[in-house]
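J.: quick check, what structure comes out for this input:
(2 chains)
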There are 2 protein chains.
Amino acid sequence: MSLPSNCFYAQSGGVTAVINAAAAGVIETARQHSGRIGKVYAGRNGIIGALTEDLIDTSQESDAAIAALRHTPAGAFGSCRHKLKGFDKSQSADQTGEFERLIEVFKAHDIGYFFYNGGGDSADTCLKVSQLSEKLGYPLQAIHVPKTMDNDLPLTDCSPGFGSAAKYTAVSIREASFDLASMAKTSTKVFILEVMGRHAGWTAAAGGLAAEREGDGPQVILFPEITFDEQRFLARVDDSVRRHGWCTVVASEGVKNKDGQFLAEAGTRDAFGHAQLGGVAPLLARLVSERLQFKYHYAIADYLMRAARHIASRTDLEQSYAVGRAAVELALAGKSGVMVTIERLSEAPYRWTVGEAPLTKVANVEKKMPREYITEDGYHITAACRRYLTPLIDGEDYPPYRNGLPDYVRLENVAVPKRTSRSFELRK
Amino acid sequence: MSLPSNCFYAQSGGVTAVINAAAAGVIETARQHSGRIGKVYAGRNGIIGALTEDLIDTSQESDAAIAALRHTPAGAFGSCRHKLKGFDKSQSADQTGEFERLIEVFKAHDIGYFFYNGGGDSADTCLKVSQLSEKLGYPLQAIHVPKTMDNDLPLTDCSPGFGSAAKYTAVSIREASFDLASMAKTSTKVFILEVMGRHAGWTAAAGGLAAEREGDGPQVILFPEITFDEQRFLARVDDSVRRHGWCTVVASEGVKNKDGQFLAEAGTRDAFGHAQLGGVAPLLARLVSERLQFKYHYAIADYLMRAARHIASRTDLEQSYAVGRAAVELALAGKSGVMVTIERLSEAPYRWTVGEAPLTKVANVEKKMPREYITEDGYHITAACRRYLTPLIDGEDYPPYRNGLPDYVRLENVAVPKRTSRSFELRK
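T.: Now for the predicted structure:
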């Protein structure tokens, strides 16, 4: 009787506050099926770990350490931005040897299951692995574990990682709005929070949840989906200051002008000809200052919003764990070439379950904000959007603290001894 | 028998995550002594509310609403940046009538106690009120309730409001460091967090608490107290990237160059001759990119760090409440012209109590970071600094949540009917 096959698990692309919960879901579920599944090997720095045969033996981690992944942000095994370029568009030949190398490493380590934890690009890779492994003489079950703070994966109600970034945004702009309301009489009247999300306005939209009553901030949201109009923006800010005494703005870094350029990149150059750094918030702040003469402040959330495990959404955390667990269960049920999905069963009360979608329908499809989620004037979210978003930020799940700081786990990350006889040079 | 005197309470200067806890301390303690203290009137938008006779009757707020101030950030009655300019340097004459107007309003509303909740400038105002009220024919007991996220008040072990901003900084840079460590293999290698604090490095120093073990971030802290040296900074970042694969930096907005200019202001001007906006983080990022060719990201915390009640320090919260309570108790004990202080009784275990200090010794004195709190190389904090800071960020005190968001209170803020016959124009 042969030993059960091992699993390969890798984290891909930008990390989130809850991607490690998905890892915990994969590893703990695999441990519960030790008769049918061997060890879980993680790629050190994502798929690069597979290509370079730098595998991490997660069986060397204690149950407590794996459980602690639930409350630890970022990628415990390292992630990477490396898109496999092995096949041309017809997917008929491996021109760089990357896919062949993957299969070589997987064979050497008896990998029968491939769990890829990432966004849209990774779904494409996962699909190719599922399609090509057989062709290359080593069938693998490849399951995609969804993750992206951008919420742009199709065929799933939401993407694990988004709810926590959304909660961070909504909490932060509520707090900043309270601050600004206190100071506006004699000091700052406009505050701008710049949030990540280049191509879709989901995280900016989440800021709108903080405005529950007339007069609440944010009064203005700038979406990548809505062309920026300087005059209308300024008029809107001015109106808010005149009516409420102040105005808070959530601006997506992906806001574009009428020529389709990112506002932050279409900006001015300094005396040395360098493109101005600093994103969209300082540009908007300058406009407000020069044209409306209001004192301003701004914050740029950047990585803080996707790493903020201290204020993670419990819903998001549970969904991230669930997609990891379901990936193993789908593999045990013989599935391959699928992505685990979140299905919304009802809205009030919110109920959800996991499902699956074929990767052929996921790869290279981006879920945009529906226009009906943005108010007609383009500056806020609609009631439908609020109904969609609210359950995703619901609930808290605080990490343990030590010395006043979240006690995040650092794994041992012990390497699996190499078994292939050659090294593999990564293409730049 | 005459009715007991009323109190005037006002919030002054930049608000914090826990200043409303001090307000709760004042109001709840006054309510417990209703035989000796009348109503608590709050200034709408700080001292401006007194000058314009725009007083808020806090007795119209329910006990539950006042209790909810403990978990609500920012200034519930409004704050302001308005320094009373009534007296010349010899403090012998009121040239603008501001102090006379204050006394006029206080007389009209039977105010016998003046509680001023602010930082260094406010302490100076509070001192003058205590000295001059008698001269102007209306003795008042004036007590200063300390508040500043900058931690620069003298004669107190720390300033309420600082511990929470410090905790925000330490938690944020820990989370960003975990994120960066995951991504550094193929992507971003340097992350910079810009924090508020123009004149003293206390909040930047707090970021250092996140680095508990070799290899932890932040690897570099830039203090206003240490002259910025471009070459040494770049060498330090480069060394960290070579040794650990990445580098996180906490930079105070107040970092200065060798000519004593703020780095952020000494920067270049754009093609239109505008001073470049965006603070110190983008300047540092550009240096790292151009000179070391490392991919970077940066965040600017700004108001988020002082408004972040969701991650407030429990120690800070308790101290803020305690200084409010003690202010009323000192007033009842006949004191005036004093500031409530926090006294550190022991470090391990941390024990503290409240004390008092004469305002004559507080006004216009700024507490700087001691040089022995900064490592010899100027880029991190010492063990002594860590011992000082750690208890100040200890403990959590989470606000209640509703719909996934902190349920912060908004008071009714009912105005007290005016009693003086004239209006008062504020000087710009």
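J.: so who does A:Asp394 touch?
T.: A:Ser313, A:Arg314, A:Thr315, A:Tyr350, B:Asn403, B:Gly404 (Cβ atoms under 8 Å, 6 or more residues apart in numbering or on different chains). Every C-beta, even on glycine, is put in place using the N, C-alpha and C of the backbone.
J.: any idea how far apart the tips of stretch A:49-67 sit?
T.: In stretch A:49-67, first residue to last residue: 23 Å (Cα to Cα, to the nearest Å).
J.: could you pick out the longest helix of chain A?
T.: helix A:162-183 (DSSP state H).
J.: so what secondary structure elements neighbour the helix or strand bottoming out on mean pLDDT in chain A?
T.: Lowest by mean pLDDT, DSSP states H and E among the helices and strands of chain A is helix A:120-135, with a mean of 89. For helix A:120-135, the packing partners by 3 or more Cβ pairs under 8 Å, 6 or more residues apart in numbering or on different chains; DSSP states H and E come out as helix A:98-108, strand A:111-118, strand A:141-146, helix A:359-362.
J.: that helix vs strand A:111-118, what angle?
T.: Direction vectors for helix A:120-135 and strand A:111-118, defined by axes from the mean of the first three to the mean of the last three Cα atoms, to 10 degrees, enclose an angle of 160 degrees.
J.: before we move on, back to that, deepest-packed of the helices and strands packed on helix A:120-135, please.
T.: Of all the helices and strands packed on helix A:120-135, strand A:141-146 has the most neighbours on average by mean count of other Cβ atoms under 10 Å in any protein chain shown, namely a mean of 28.
J.: close to chain B, is it?
T.: No. Strand A:141-146 stays clear of chain B (Cβ under 8 Å from any Cβ of the partner chain), getting no nearer than 15.9 Å.
J.: avg pLDDT for that strand?
T.: For strand A:141-146, mean pLDDT rounds to 98.
J.: alpha carbons of that strand, as CSV, please.
T.: Only the C-alpha atoms of strand A:141-146 are listed here, as CSV (Å, rounded to 0.1, in the frame of the first residue of the first chain):
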residue,chain,number,x,y,z
GLN,A,141,-5.7,18.0,-8.3
ALA,A,142,-5.5,21.7,-8.4
ILE,A,143,-7.8,23.8,-6.3
HIS,A,144,-7.8,27.6,-6.1
VAL,A,145,-8.3,29.2,-2.6
PRO,A,146,-9.6,32.7,-3.2
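J.: list the helices and strands that strand packs on?
T.: strand A:111-118, helix A:120-135, helix A:314-332, strand A:338-347, helix A:359-362.
J.: give me the contacts around that strand.
T.: Residues outside strand A:141-146 that contact it (Cβ under 8 Å, 6+ apart): A:22, A:26, A:112-119, A:122-123, A:126-127, A:129-130, A:133, A:153, A:156, A:159-160, A:323-324, A:327, A:330-331, A:334-342, A:359, A:362.
J.: give me that answer again for 7 Å
T.: Applying Cβ atoms under 7 Å, 6 or more residues apart in numbering or on different chains, the external contacts of strand A:141-146 come out as A:22, A:26, A:112-117, A:122-123, A:126, A:129-130, A:153, A:156, A:159-160, A:323-324, A:327, A:330-331, A:335-340, A:359.
J.: tell me the angle it makes with helix A:120-135.
T.: Using the same axes, to 10 degrees, strand A:141-146 lies at 180 degrees relative to helix A:120-135.
J.: chain center to strand A:141-146: distance?
T.: 16 Å (Cα atoms, centre = their mean, to the nearest Å).
J.: same thing with stretch A:237-255?
T.: Using Cα atoms, centre = their mean, the offset of stretch A:237-255 from its chain centre is 27 Å.
J.: in that stretch, what counts as buried?
T.: A:237-238, A:240-241, A:244-255 (16 or more other Cβ atoms under 10 Å in any protein chain shown).
J.: now do the strands in the stretch 201-350 of chain A.
T.: A:220-222, A:247-252, A:296-300, A:338-347, A:350-358 (DSSP state E, counting those that start in this stretch).
J.: now for these, which one comes closest to chain B?
T.: strand A:296-300 (4.0 Å; Cβ to the nearest Cβ).
J.: and the contacts of that closest one?
T.: Counting by Cβ under 7 Å, 6+ apart, A:176, A:188, A:190-194, A:279, A:281-282, A:285, A:288-289, B:299-304 sit against strand A:296-300.
J.: circling back: need the helices and strands packed on helix A:120-135 in JSON lines (columns: distance to A:Tyr168).
T.: JSON lines is the format used below for these (distance: least, Cβ to Cβ, whole Å):
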{"stretch": "helix A:98-108", "distance to A:Tyr168": "35"}
{"stretch": "strand A:111-118", "distance to A:Tyr168": "20"}
{"stretch": "strand A:141-146", "distance to A:Tyr168": "19"}
{"stretch": "helix A:359-362", "distance to A:Tyr168": "26"}
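J.: where does chain A dip in pLDDT?
T.: By pLDDT under 70, the weakly predicted segments of chain A are A:1-2, A:86-96, A:266-278, A:427-428.
J.: ok so, going back, tell me which of the helices and strands packed on helix A:120-135 lies nearest to B:Asp259.
T.: Of all these, it is strand A:111-118 that lies closest to B:Asp259, at 48.1 Å by Cβ to Cβ.
J.: so what secondary structure elements neighbour the closest one?
T.: strand A:6-11, helix A:19-32, helix A:120-135, strand A:141-146 (3 or more Cβ pairs under 7 Å, 6 or more residues apart in numbering or on different chains; DSSP states H and E).
J.: quick one: strands adjacent to that strand?
T.: Based on DSSP bridges, the pairing partners of strand A:111-118 within the sheet are strand A:6-11 (parallel), strand A:141-146 (parallel).
J.: and of those, who's closest to A:Glu214?
T.: Using Cβ to Cβ and comparing those, the one that lies nearest A:Glu214 is strand A:141-146, at 37.0 Å.
J.: and the helices and strands packed on strand A:111-118 as JSON lines, adding distance to A:Arg371?
T.: Shown next, in JSON lines, are the helices and strands packed on strand A:111-118 (distance: least, Cβ to Cβ, whole Å):
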{"stretch": "strand A:6-11", "distance to A:Arg371": "33"}
{"stretch": "helix A:19-32", "distance to A:Arg371": "30"}
{"stretch": "helix A:120-135", "distance to A:Arg371": "21"}
{"stretch": "strand A:141-146", "distance to A:Arg371": "24"}
